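> Everything below, folded, please.
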Amino acid sequence: MKKICITVICYFIFIPFLKGQIAYEKEDSLIYESYMEEFVSKKNLSNSELLANTALFFLDKPYVASTLDQNKTESLVVNLREFDCVTFVESCLALVLTLKAENPSFEKFCHTLQTIRYRNGIIKGYTSRLHYTSDWIYENERNGFFEDVSGKCGGVKMIKGVSFMTKNAHLYKHLANDSSCISEMKEIEKNLNKRHRYVVLLSSYISDAQENIKSGNVIAFATKIDGLDYSHIGIAYWREGELCLIHASSKEKKVIVDEKPLPLYCKQSKTCLGISVLNVK
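Predicted structure coming up:
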């Protein structure tokens, strides 16, 4: 059979209210339209229920790392074809919030995604992106998108400084050869370390507290890695009486419902300290 080569064009579109460039492919807008058609009849479900169902909509989509770092200049990357763990959660959350909006549109989705991903919703270089999950949680609580309910689940306040990105600048291509960018990130880390907003349900207590976690809660995994707050993120899902995780898995290279119950998933991880639990408003 003769092979047919298809060239996919990447579009860079200027949308006025976003105040910057947006990078996406035609397939992304088609996936958005398909999602809206399928979920319009479900929009009266709670946001948590919708988030869990939205996550299931993307099962088996490929895991691809660093999809946000391909452009030379920082721009809003919309990619519904493939995900890392963070872009998966961000995209699902933005879809749910757009579905609930009075006038849902692809432009509204892009605007919501930008608000979730960037400090104050403004793209102003690499450091304007919310790289540290504790910063992401803080800003999106302020946005009113979700509430950190880790304390209500039995979580305890943690004090742990973040410094991983600047101490390992060589791992980040936008930091590696830009001293001014490193200086900006150091200032961000300094401000994060002043907040002490780091509440974690420790791994050994997850099993006892899991009845307080519901499908559609966002789960952030606190890590023992020095200088880092969280190392993974996903969406809680109750399946056949067991609390599981829907996530973009780097191990399985796709979006999955993990076969391990969440308490066991954390217990068997060498670096997992515990979890933070976020309830979508």
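> and the most centrally placed residue in the chain, backbone torsions?
Closest residue to the average C-alpha location of the chain: Val86 at 3.0 Å, with CA atoms, centre = their mean. In this entry, Val86 is assigned phi and psi values of phi -80, psi -50 (degrees, to the nearest 10).
> Do you have the helices of this structure handy? List them.
26-39, 47-57, 85-100, 106-117, 133-142, 164-167, 173-176, 179-195, 206-209, 262-267 (DSSP state H).
> Looking at these, spot the one closest to Asp229.
helix 133-142 (4.3 Å; CB to CB). Every C-beta, even on glycine, is put in place using the N, C-alpha and C of the backbone.
> tell me what that closest one is packed against?
Secondary-structure packing of helix 133-142 (3 or more CB pairs under 8 Å, 6 or more residues apart in numbering; DSSP states H and E): strand 146-148, helix 179-195, strand 230-239.
> between the ones you listed, which gets nearest to Cys92?
strand 230-239 (6.7 Å).
> List the buried residues for the closest one?
230-237 (16 or more other CB atoms under 10 Å).
> can you count the residues close to Pro260?
Careful, residue 260 is Lys; it's not Pro. 14 (other CB atoms under 10 Å).
> residues near the closest residue in space to it that isn't next to it in sequence, how many?
Spatial nearest neighbour of Lys260, chain neighbours left out: Gln268 (7.1 Å); criterion: CB to CB, 6 or more residues apart in numbering. Using other CB under 10 Å, Gln268 is surrounded by 10 other residues.
> do you know how far Gln268 is from Leu262?
Distance, Gln268 to Leu262, by CB to CB, to the nearest Å: 11 Å.
> could you dump the buried residues of strand 230-239 to TSV with pLDDT and distance to Tyr138?
Shown next, in TSV, are these (pLDDT from 0 to 100; distance: CB to CB, whole Å):
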residue	pLDDT	distance to Tyr138
Tyr230	98	12
Ser231	97	18
His232	98	18
Ile233	98	14
Gly234	98	19
Ile235	98	20
Ala236	98	20
Tyr237	98	25
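> what would the residues you listed look like in TSV with distance to Glu90?
What follows is the buried residues of strand 230-239, written out as TSV (distance: CB to CB, whole Å):
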residue	distance to Glu90
Tyr230	14
Ser231	16
His232	14
Ile233	9
Gly234	12
Ile235	11
Ala236	16
Tyr237	18
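> re the thing from before, leaving aside the residues adjacent along the chain, what's closest to the residue nearest to the centre of the chain?
Closest to Val86 by CB to CB, 6+ apart is Ile233, at 5.8 Å.
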